[in-house]
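> build the 3D model from these lines:
(one chain, ligands or ions: 1)
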Amino acid sequence: MAALDYHAEERSKAEFDVEEMKIVWAGSRHDYEINDRVARLVASDPVFRKDNRTMLTRKDLFKDTLRKAAHAWKRIIELRLSEDEAYKLRFYVDQPAFTDLHWGMFIPAIKGQGTEEQQEKWLPMAYKMQIIGCYAQTELGHGSNVQGLETTATFDPQTDEFVIHSPTLTSSKWWPGGLGKVSTHAVVYARLITDGKDHGVHGFIVQLRSLDDHSPLPGITVGDIGMKFGSGAYNSMDNGVLRFDHVRIPRNQMLMRDSQVTREGKYMHSDVPTQLVYGTMVNVRQKIVSNASGALSRAVCIATRYSAVRRQFGSQNGGPETQVIDYRTQQSRLFPLLASAYAFRFVGEWLTWLYADVTQRLQANDFSTLSEAHACTAGLKSITTSETLDGIEECRKLCGGHGYLSSSGLPELFAVYAPNCTYEGDNIVLLLQVARFLMKTFSQLGSGKKPVGTTAYMGRAEHLMQCCCEVERAEDWLKPSVILEAFEARAARMSVSCATNLSKFSNPEEGFAELSADLVEAAVAHCQLIVVSKFVEKLQQDIPGKGVKRQLEILCNVYALYLLHKHLGDFVTTGCITPKQGALANEQLRLLYSQVRPNAIALVDAFNYTDHYLGSDLGCYDGNVYQKLYEGAWKDPLNDTDVPDGYHEYIRPILKQHIRTARL
Ligand SMILES: CCCCCCCCCCCCCCCC(=O)SCCNC(=O)CCNC(=O)[C@H](O)C(C)(C)COP(=O)(O)OP(=O)(O)OC[C@H]1O[C@@H](n2cnc3c(N)ncnc32)[C@H](O)[C@@H]1OP(=O)(O)O
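Coordinates of the predicted model:
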């Protein structure tokens, strides 16, 4: 018997080869095959079940997380999975855990900042998970301002040790994931003090817990910081608090790749930029950008499938009501998010390449692209996560009342995704970093330094300041060169305007603070240009598969014109386009939505998500939504009995008019 599929008709409307699109989405056939195999493996394993997660108490949720992490590790060993496959297995398990920080930050910090000797000592133990580590940087009173950290690491030449100490309440480490209950070790960021002199923040490997019985070592106070936003979600993570009371560690546990302390206590800094101490954050920011498309596509998949099943109003002569996906209002909110998911996928791919490139250069002591890599990772982390979080919430609203149910998967997705906008650098702070980079690049234009990479367009600032958009008819907006020039002109003009206003201040820092809101907008314009241009570049590649490239062209245009529509004020006030051209863009956008419509379900099928990973009754592959919602309701613990616990004490006295004498 053929499997039931409420979306069969929608799927038959697709004008492109979905299987080929799956490969484009995954990045390569190889990645597609690994993703597919690992996702199915996770979905079919009962230990990885997550449908009751939001109903677990904190302790049960944490224990469930430990079980899943241990089981995942067991499977990784049994199946001899590669590092990449193991990462994907943890990804599809879809439950934040200490392992994310062990593999995602502790190991990379040692790799990036440790000497060869230190790597040889610590990495083999970390790779076998004989030790489990976290990244202890943020403090109770200090987050984005890394230079403001208070924890101290004072060198004691008598014993050849560092004394790690938390001098104040605000210096307590606060937030590091995996710290609260699991990590045996941490890379701790502390101010290095030798001979009474403060040399700024450096990383140190510190053992926190006994490897025999897991109890905290002397001088260490450690625990979990408490419940976080939402049910399930990030509450599976043991974000921790940590205080040091004069904890001693050997000198060779300072991460000494770029700066060293000698046996005599002399501080030596090689001629590499001090910002390399931020390297782990750059690495994670790049991963966060890659993951943004994952979270957004998941929400979009749920909202799109449900919008095709859900019918509301518009019944003609007693016929079925209209599918909500056919309403223009639904399309104009949903399809830009679908296009954004694809846009973020491709910019994430590009950023992974950029990061690999800068890493290679750094190894060869070439620091020329470091500041651009920092600006790109910081800026793209900021805009992709902000848009993803807003997009998830929009998808919840697009699912109407049912989106508010936990079983839609959207509330938990929102709650688990929300910290992305804050961790690894608050999104506004990161945009200000981009703005600084832009202002610096502009100020160097006069000195003949030619901007390259993502700022190459600034080299054409003179042209971009006075060019006129050539759009006369709506279809002119489909030309990539027209779109790119409009985005370049907007970004350049907003930056130039900031630079001009800044130059009026005698104190540049005062000017920067005063104009910070404008600077953030200029940074957003620059980052959006990067996303649009990387989408356009992707389309210049050879993309096989019937109709695949055509669909991507449509989505690219949707993404760009939606941004243009949303930020019309920027484009018009900077004189990049006229109000008439803005209206034509909107007209074209409506036409594009009609082209997306028949392909919408197939475009979300191309994400190739299992029902397990999606975790949503509304987004299930077969579209049998109402049955699932109905059955799901009866599984709630409140429905274990018809008469609820508490009836006799609290309902009956009200009904029977005994409330005055009731013992509550
Ligand atoms: C399997 C399942 C999924 C797994 C998924 C994988 C992920 C794995 C899990 C992760 C889960 C998340 C876990 C979160 C864990 C935290 O959140 S860890 C804590 C993160 N904390 C932060 O990100 C703090 C953010 N703050 C900062 O980065 C810096 O303090 C700031 C804001 C950039 C300021 O830096 P600053 O040195 O005080 O000051 P500033 O004068 O602005 O900068 C000085 C120079 O350094 C440059 N600079 C600044 N930063 C950098 C940098 N990073 N690089 C290069 N240059 C830089 C500036 O451009 C400037 O350059 P010049 O203009 O002088 O040329």
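
> host element of Y417?
For Y417, the host element (DSSP states H and E) is helix 410-417.

> model confidence over whichever helix or strand comes after that helix, on average?
Next along the chain after helix 410-417, taking DSSP H and E as the criterion, comes helix 427-443. For helix 427-443, mean pLDDT rounds to 96.

> equivalent analysis for stretch 601-616, please.
So the average pLDDT for stretch 601-616 ends up being 98.

> got the residues of the stretch 251-400 of the chain near the ligand?
Q275, Y278, M281, V282, V284, K287, N291, L370, S371, H374 (C-beta under 6 Å from any ligand atom). Where you see a C-beta, it was placed from the backbone N, CA and C, and this is true even at glycine.

> list the buried residues of stretch 415-426.
Across stretch 415-426, burial judged by 16 or more other C-beta atoms under 10 Å covers A415, V416, Y417, A418, P419, N420, C421, Y423, E424, G425.

> what does the model give the third one for pLDDT?
Here, the pLDDT recorded for Y417 equals 98.

> pull the number of nearby residues for the residue nearest to it when sequence neighbours are not counted.
Closest residue to Y417 apart from its sequence neighbours, by C-beta to C-beta, 6 or more residues apart in numbering: A295 at 5.0 Å. Per other C-beta atoms under 10 Å, the neighbour tally for A295 reads 23.

> where does A295 sit, in terms of helix or strand?
With DSSP H and E as criterion, A295 is part of helix 279-309.

> which elements pack onto that helix?
Helices and strands touching helix 279-309, by 3 or more C-beta pairs under 8 Å, 6 or more residues apart in numbering; DSSP states H and E, are helix 107-113, helix 328-363, helix 370-398, helix 410-417, helix 600-605, helix 611-614.

> now the residue in the stretch 101-250 of the chain that the ligand sits nearest to: how far from N283?
In the stretch 101-250 of the chain, the residue that lies nearest the ligand is G104 (2.6 Å; C-beta to the nearest ligand atom). G104 sits 8 Å away from N283, going by C-beta to C-beta, to the nearest Å.

> likewise N507?
35 Å.

> which one's more surrounded, these two?
A count of neighbours by other C-beta under 10 Å puts N283 above the other of N507 and N283, at 20 against 9.

> could you report the neighbour count for the closest residue to the more buried one other than its chain neighbours?
Distances taken as C-beta to C-beta, 6+ apart place P108 nearest to N283, at 5.3 Å, with adjacent residues excluded. Residues lying near P108 (other C-beta under 10 Å) number 19.

> just checking, S386 touches I428?
No. The pair S386 / I428 is not scored as a contact, 9.2 Å apart, by C-beta atoms under 8 Å.

> pull up the gap between R75 and the ligand, please.
Distance of R75 to the ligand, given as C-beta to the nearest ligand atom, to the nearest Å: 14 Å.

> contacts only, for that residue.
Residues near R75 by C-beta atoms under 8 Å, 6 or more residues apart in numbering: L41, D45, L81, L89.

> counting by contacts, list what the host helix or strand of the last one packs against.
Here L89, judged by DSSP H and E, is contained in helix 83-93. In terms of contact count using 3+ C-beta pairs under 8 Å, 6+ apart, helix 83-93 is assigned the packing partners helix 29-43, helix 58-78.

> give the buried residues for the last one.
Along helix 58-78, the positions that meet the burial threshold by neighbour count (16+ other C-beta under 10 Å) are L61, F62, D64, T65, L66, K68, A69, A72, R75, I76.

> nearest to A364, of these?
Nearest to A364 among those, counting by C-beta to C-beta, is I76 at 33.0 Å.

> follow-up on the earlier one: run the chain-centre distance for the helix holding A295.
7 Å (C-alpha atoms, centre = their mean, to the nearest Å).

> report the angle between the axes of it and helix 427-443?
120 degrees (axes from the mean of the first three to the mean of the last three C-alpha atoms, to 10 degrees).

> in the helix or strand where Y630 lies, what's buried?
In this structure, Y630 sits in helix 625-634 according to DSSP H and E. For helix 625-634, a neighbour-count test (16+ other C-beta under 10 Å) marks V625, K628 as buried.

> show residues contacting the helix or strand bottoming out on mean pLDDT in the chain.
Here the helix or strand of the chain ranked lowest by mean pLDDT, DSSP states H and E is strand 267-269, holding a mean of 92. Strand 267-269 is contacted by residues L192, T194, K197, H199, D258, S259, Q260, V261, T262 when judged by C-beta under 8 Å, 6+ apart.

> each with direction, which strands does that strand pair with?
strand 259-261 (antiparallel) (DSSP bridges).

> off-centre distance for the partner strand?
34 Å.

> OK, contacts around the residue nearest to Y417?
Shown in contact with A295 (C-beta under 8 Å, 6+ apart): T388, I392, L413, Y417, N420.

> in contact with the fourth one, which residues are there?
In this case it means Y417. A295, T385, T388, L389, I392.

> out of those, who has the most neighbours?
T388 (30 neighbours).

> nearest residue to V596 in space, please, no chain neighbours.
F335 (4.8 Å).

> redo the helices and strands packed on helix 83-93 as a markdown table? Include mean pLDDT.
Listed next are the helices and strands packed on helix 83-93 as a markdown table, based on pLDDT from 0 to 100:
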| stretch | mean pLDDT |
| --- | --- |
| helix 29-43 | 98 |
| helix 58-78 | 98 |
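
> go through those helices and name the closest to V300.
The nearest among those, by C-beta to C-beta, is helix 29-43 at 17.6 Å.

> and the closest one, which residues are buried?
Y32, I34, N35, V38, A39, L41, V42, A43.

> burial count for the closest residue to the fourth one other than its chain neighbours?
Which is V38. Setting aside the residues directly before and after it, V38 is nearest to K88 in space (C-beta to C-beta, 6+ apart), at 4.6 Å. Close neighbours of K88, defined as other C-beta under 10 Å, add up to 20.

> and the pLDDT for K88?
97.

> if I look at it, how far off is the ligand?
K88 is 8 Å from the ligand, by C-beta to the nearest ligand atom.

> ok, now which ones touch L66?
L66 sits in contact with A97, V182, where contact means C-beta under 8 Å, 6+ apart.

> residue ranges for the helices of the stretch 451-600 of the chain, please.
For the stretch 451-600 of the chain, the helices defined by DSSP state H, counting those that start in this stretch cover 461-466, 480-502, 508-514, 516-539, 548-566, 568-573, 579-596, 600-605.

> checking my notes, A153 in a strand, right?
Yes. Secondary structure assignment (DSSP: H, G, I helix; E, B strand; the rest coil) places A153 inside a strand.

> adjust the sequence numbering to begin at 497 for everything that follows.
Renumbered: residue one is now 497, and that last one reads A649.

> SS state for the residue nearest to it when sequence neighbours are not counted?
Closest residue to A649 apart from its sequence neighbours, by C-beta to C-beta, 6+ apart: A686 at 4.0 Å. On the three-state scheme (three-state DSSP), A686 is labelled strand.

> which residues are in contact with A686?
L645, T647, T648, A649, I660, V697, H698, F700.

> torsion angles phi and psi at the last one?
The phi and psi torsions at F700 (degrees, to the nearest 10) take the values phi -140, psi 140.

> what does the fifth one give?
The phi and psi values for I660, taken as degrees, to the nearest 10, are phi -90, psi 130.

> tell me which residues are up against stretch 499-512.
Everything outside stretch 499-512 that qualifies as a contact, by C-beta under 8 Å, 6+ apart, is 514, 801, 804-805, 1041-1044, 1046-1047, 1094-1098, 1101, 1117-1121.

> what comes up buried for that stretch?
Those would be Y502, H503, E506, A510, F512, for stretch 499-512 by 16+ other C-beta under 10 Å.

> any idea of the mean pLDDT in it?
On average, stretch 499-512 scores 94.

> now the end-to-end length of it.
23 Å (C-alpha to C-alpha, to the nearest Å).

> so for stretch 713-723, what's the average pLDDT?
Rounded mean pLDDT across stretch 713-723 is 98.

> can that stretch be found next to the ligand?
No. Judged by C-beta under 6 Å from any ligand atom, stretch 713-723 makes no contact with the ligand; its nearest approach is 13.3 Å.
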